[in-house]
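Asker: mind looking at a prediction? Sequence and model below.
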Amino acid sequence: MGRHSGVLAHVSSLPTTEGIGTIGEAGRQFVRSLADAGQRYWQMLPVGPTGYQDSPYQSPSTHAGNPLLIDLDDLVADGWLRSSEVEPLAELSRGRVDFGALIPRKRQLLTTAATRFLRSDGGRGYDAFRQTQWLDEFAIFSALKTSFDQRPWVEWPPELAMRDAAAVRDASQRLAESIEVERAIQFFFHRQWDALHAFARRRGIEMIGDLPIFVAHDSADVWSRPDLFYLGEDGRPFIVAGVPPDYFSSTGQRWGNPLYRWDRHRAEGYRWWAERLGGAFARFDLVRIDHFRGFVAYWEIPASEPTAVKGRWVEGPGADLFNRIRAMGELPIIAEDLGIITPEVTALRRQFGFPGMRVAQFGFDVEADTSLHHPHNYPLDVVAYTGTHDNDTTVGWFWGDNHRHDRRRLNRNRRRLLQTTGTRGEEINWEMIDLVFESNASAAIIPIQDVLGLGSEARMNTPGTEIGNWTWRMSEPIPPRLLERLAKATEKSYRR
């Protein structure tokens, strides 16, 4: 990856007048800011449609783009919407993303734009895009979900849930107009994304995507290929994914995703995975695979269990998967290897040259052994972070909400951090940024909240909780003084 740096910020967190960040002008402005600050990378969370509790990690499709991230002003410029139709969304632009209010209103505007687009016989490139392999399955799935009030596919009529060919064909004919609207909306995302990606490349910014190892049960992926997952006769999983008790939760994390039948994937030459990764590599310059350790062994939980405590480790596909798909060419993968990591996990990522991850907050935390994540100990083959989207912000983590700047209440390891930096911690975010930037790690990525110096109110996600996540937004573009400071920190650490 070279000695470079970047910023972690999800698209939805960018400031706009549309109630949510977009891949239009908001994305272009963020790219300009990164270039001005001498950065190389823009890392983001998954950009697929959001699912349960608005989580980008529970998407109804591993291939589709999130319609909420489509820029409506760009659709106005294209002639598919009018400014007067878009302007009322500005009332949702203050504070956090209000998904409940935003989704129906933006969905209606996108449907209007898609209908006008289709009545014009489509635009350049649409006919070719309609041939995309995954698009039909996703469009049919989405139209069916809408027709059944967004109920999970296992609650649809049995003949549709179990994909009886005649029933699906009849439904496709009945819902033909809605299906075509779904295709057109995806075309809007596809075209805007490609434009943003090209814009970033011209300015020397590489995009880092995020690929969850598991997919949501209520997804086009599982509905269209149930044979590749451990499901009962009713279509529901009887074993699910998660992780055992760890730093984030004393009862572990019960994600609930269905688990793969790896023997069936192997029998098909891992074609499903080759298509999934191929799509991600086409969309991004690099891809972080979340929970990489699951390829070596994953935590299997009986679906009847309310927590992740009662589970077991089960062997994954290991090197066999990556050996098969390496025929695609270069695999620009970052391996998220946090948590319970065995020597076998490290050996797998090093075998294929995938950099791992280090998180500076963990290097100064209350656990007994924090040396792995101490910035002074980072090897070259890692991407280093002050924190991730699952961590509190650095200011919130260090000082907390109630006793900010009260050094008497700091635990031993936080006091050790101040000894390391030789400061009093009033700018702990920049002190951590400097530590990460000056480390040996090949790349350093800083959450935008730490660049802005925000507290716990700006946290993106709290693992193990379901309410209030994924909604944080920037109130304005990054101020010039902070861009200048980020550029100086980058230059001082020889990261550009």
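Answerer: Received it, and whenever you're ready, just let me know what you need.

Asker: by contact count, what packs against the longest helix along the chain?
Answerer: In the chain, with assignment by DSSP state H, the single longest helix is helix 176-202. Secondary-structure packing of helix 176-202 (3 or more Cβ pairs under 8 Å, 6 or more residues apart in numbering; DSSP states H and E): helix 25-36, helix 99-119, helix 126-129, helix 135-147, strand 206-212. Placement of C-beta: from N, CA and C, glycine included.

Asker: now for the helix-or-strand element of the chain with minimal mean pLDDT, which elements pack on it?
Answerer: Sorted by mean pLDDT, DSSP states H and E, the helices and strands of the chain end with helix 412-421, the least confident at a mean of 85. Counting contacts by 3+ Cβ pairs under 8 Å, 6+ apart, helix 412-421 packs against helix 428-437.

Asker: about what we covered before: now find how far off-centre the longest helix of the chain is within its chain.
Answerer: In terms of Cα atoms, centre = their mean, to the nearest Å, the centre of helix 176-202 is set 18 Å apart from its chain centre.

Asker: same check on stretch 467-487?
Answerer: That offset, for stretch 467-487, works out to 18 Å (Cα atoms, centre = their mean).

Asker: how about residues contacting that stretch?
Answerer: 7, 9-10, 12-15, 20-21, 29-30, 33, 36-39, 50, 53-56, 95-99, 430, 433, 446, 448-449, 451-452, 457-462 (Cβ atoms under 8 Å, 6 or more residues apart in numbering).

Asker: now do the strands in the stretch 251-400 of the chain.
Answerer: 253-258, 286-290, 297-302, 312-315, 333-335, 356-359, 382-385 (DSSP state E, counting those that start in this stretch).

Asker: name every strand pairing with the shortest one and say which way it goes.
Answerer: Each strand that strand 333-335 pairs with, and the sense of that pairing, follows from DSSP bridges: strand 286-290 (parallel).

Asker: look at L482 and give its secondary structure.
Answerer: Here L482 is recorded as helix under DSSP: H, G, I helix; E, B strand; the rest coil.

Asker: burial of it, as a residue count?
Answerer: For L482, the neighbour count with other Cβ atoms under 10 Å is 17.

Asker: how near is it to Q53?
Answerer: Relative to Q53, L482 is positioned 31 Å away (Cβ to Cβ, to the nearest Å).

Asker: state the distance from P447 to D263.
Answerer: The separation that P447 has from D263, given Cβ to Cβ, amounts to 39 Å.

Asker: ok, back up a step: looking at the helices and strands packed on helix 176-202, which is buried most?
Answerer: Counting by mean count of other Cβ atoms under 10 Å, strand 206-212 has the highest mean neighbour count of these, with a mean of 22.

Asker: check which helices and strands it is in contact with.
Answerer: So strand 206-212, by 3+ Cβ pairs under 8 Å, 6+ apart, packs with strand 41-43, helix 176-202, helix 271-283, strand 286-290.

Asker: still on that earlier bit, P447 and D263: who's more crowded?
Answerer: Higher neighbour count among P447 and D263: P447, with 27 against 8, using other Cβ under 10 Å.

Asker: and that one, what does it touch?
Answerer: For P447, the contacting residues are 7-9, 385-389, 391, 393, 460, by Cβ under 8 Å, 6+ apart.

Asker: could you do E275 as well?
Answerer: So E275 contacts 133-134 (Cβ under 8 Å, 6+ apart).

Asker: quick one: pLDDT of it?
Answerer: E275 carries a pLDDT value of 96.

Asker: how close does it sit to R183?
Answerer: Note on E275: its distance to R183, by Cβ to Cβ, is 18 Å.

Asker: ditto for D434
Answerer: Relative to R183, and taking Cβ to Cβ, D434 is found at 48 Å.

Asker: in a markdown table: the helices and strands packed on helix 176-202, plus distance to P379 and mean pLDDT.
Answerer: Formatted as a markdown table, these follow (distance: least, Cβ to Cβ, whole Å; pLDDT from 0 to 100):
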| stretch | distance to P379 | mean pLDDT |
| --- | --- | --- |
| helix 25-36 | 26 | 98 |
| helix 99-119 | 40 | 97 |
| helix 126-129 | 42 | 93 |
| helix 135-147 | 40 | 97 |
| strand 206-212 | 20 | 98 |
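
Asker: with respect to E336, which of the ones you listed lies nearest?
Answerer: strand 206-212 (8.6 Å; Cβ to Cβ).

Asker: CA-only coordinates of that closest one in CSV, if you can.
Answerer: Extracted in CSV, the C-alpha atoms of strand 206-212 (Å, rounded to 0.1, in the frame of the first residue of the first chain):
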residue,chain,number,x,y,z
GLU,A,206,-8.2,5.9,-3.6
MET,A,207,-11.5,4.5,-2.2
ILE,A,208,-11.5,1.8,0.4
GLY,A,209,-14.7,-0.2,0.6
ASP,A,210,-16.0,-2.5,3.3
LEU,A,211,-17.3,-6.0,2.7
PRO,A,212,-18.9,-7.9,5.5
